[in-house]
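1. give the three-dimensional model of this entry:
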Amino acid sequence: MTGLAFARRSALLLSVWLLLPVLWLMLAWLPVTAAGARSLPLRILPHGLFLLTAVLGGVFRQGRVVFITLLMSVTTLLADVAFHRYADAEWGQSIVLLATLYLPAITVILYHLREQGLWNMHGVLRLVSVASVVLVLMLLPLMQKHGVVQGTGTVWWRAFSPAVHLPLVGLIGLVAGLFLLALRNPHESPVLGPLLGVSLVYTFAGLNIRSTVWSLDRGPLVLAGFMSGAAVVLAIAVLESAWRVAHIDELTELPGRRALRYRLSQLGSGYMLAMVDIDHFKKVNDTYGHETGDQVLRFLASFLRSFSEGTAFRSGGEEFVLVCPHGPFSEVVDALDELRERIAARPFVIRGKDRPADLKEKSGKVRKKAASDSITVTVSIGVAMQDAHHATPDEVLDAADKALYLAKRQGRNRVRTAR
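-> Below is the predicted model of the structure:
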């Protein structure tokens, strides 16, 4: 992870976490009348935000967020009806109990399942699963009210404390859910899981309606405020994932071509660009298969990501660009040469010993090398500096590309500078 990417993700997560205590204080101390807390616009606000988030999720193909949004919106509606329309605390607490059990579990499951869209059989099956949970939330509290459901009066099911008026079992589920959401899904943005976790915390805060922290007449305000916060966090999660799809290369997890063009437009003067190309990459693909070729690309990306003199971008295929915004040209060239040597010094193992030595690929083609082979991955690098001869980013990039092909012609595995 580059320093800039780490800072961006940290700032995003910190901002949504800091919003929570701010919102808490506002809801606890904001002057509001009982009629104002129960006003219709306030009570429909979270549902409008949930609808907006669901639309964003559908547009950007984040089906999991759509389903989580649906579940949270229904939970908000049922809690509002039970606590504030019918003033039935027993019914409301039953809804809270079930919601605190189901929401973390469903969120974790949907997060760790691979995103497969909405408008297909996978989406239908997930929708049916979420709909079944909605039915449980609607029907089981009514069954409990009539004595059908028993055994929910133990310490595990009762409110944890007057201030945290949520069941202990639900709080345990929340902690477990936050831990599991912190375990990254490799196919998703690194901050998607944590953002889903933050949305759960907002939701639990909203369900803490009967807390002694605030008066009961603030219940509708508390529910609407925190649930609106949960909807906003989910919308941020969708937009973050969409940004990642547009700017980050999925295979190497380096910024892609679009991010490169944007970075080039921000550069001032005296910067350096280096083109990095894997030597004999086509031969690796032809000999070992495209899956091994992908592993080689990830292998190289791990070195480029740690290059302290600049930021790495994947420009396409086996070509990468290093943007070095400042520094003496000679020092950057020396650092690039050290990078090249480190890459060449690290053997790349084709297959680990724990994998079967199957001589046939999935395509049916016979492998030409043994299963335990290791190879040496080398790169050629061309570097150019912005100056009077190469004034624009495109000119510098073109000069670096020519230097790269000079390195190729002179035998590969070397660094060459633009003339």
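
2. nearest the middle, which residue of the chain would you pick?
-> Centroid-nearest residue in the chain: residue 189, 2.4 Å away (criterion: C-alpha atoms, centre = their mean).

3. keeping just the C-alphas, turn stretch 171-182 into PDB.
-> Provided in PDB are the C-alpha atoms of stretch 171-182 (Å, rounded to 0.1, in the frame of the first residue of the first chain):
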ATOM      1  CA  LEU A 171     -23.500  -7.000  21.300                       C
ATOM      2  CA  ILE A 172     -21.400 -10.200  21.200                       C
ATOM      3  CA  GLY A 173     -22.600 -10.700  17.600                       C
ATOM      4  CA  LEU A 174     -21.600  -7.100  16.800                       C
ATOM      5  CA  VAL A 175     -18.100  -7.500  18.100                       C
ATOM      6  CA  ALA A 176     -17.700 -10.800  16.200                       C
ATOM      7  CA  GLY A 177     -19.100  -9.100  13.100                       C
ATOM      8  CA  LEU A 178     -16.700  -6.200  13.300                       C
ATOM      9  CA  PHE A 179     -13.800  -8.600  13.600                       C
ATOM     10  CA  LEU A 180     -14.900 -10.700  10.600                       C
ATOM     11  CA  LEU A 181     -15.500  -7.500   8.500                       C
ATOM     12  CA  ALA A 182     -12.000  -6.500   9.300                       C
END
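
4. pLDDT on it, on average?
-> Model confidence over stretch 171-182, given as mean pLDDT, is 95.

5. may I see the buried residues of it?
-> For stretch 171-182, burial by neighbour count (16 or more other C-beta atoms under 10 Å) applies to 173, 174, 177, 178, 180, 181. All C-beta spots, glycine's among them, are computed from the backbone N, C-alpha and C.

6. now swap in stretch 280-299 and tell me
-> Neighbour counts over stretch 280-299 (16+ other C-beta under 10 Å) mark 281, 284, 285, 287, 288, 289, 292, 293, 295, 296, 297, 299 as buried.

7. again, but for stretch 326-337
-> In stretch 326-337, counting by 16+ other C-beta under 10 Å, buried: 332, 333, 335, 336.

8. thought residue 307 was touching the third one, still the case?
-> Yep, that's residue 335 we're talking about. Yes: if you go by C-beta atoms under 8 Å, residue 335 and residue 307 touch, sitting 7.3 Å apart.

9. out of the buried residues of stretch 280-299, which is nearest to residue 325?
-> Checking these against residue 325 by C-beta to C-beta gives residue 297 as the nearest, at 24.7 Å.

10. other SSEs contacting the one helix or strand residue 93 maps to?
-> Using DSSP states H and E, residue 93 falls within helix 89-112. Applying 3 or more C-beta pairs under 8 Å, 6 or more residues apart in numbering; DSSP states H and E, one finds that helix 89-112 contacts helix 63-80, helix 121-145, helix 168-182, helix 192-207.

11. report the angle between it and helix 63-80.
-> Between helix 89-112 and helix 63-80, the angle comes out at 180 degrees (axes from the mean of the first three to the mean of the last three C-alpha atoms, to 10 degrees).
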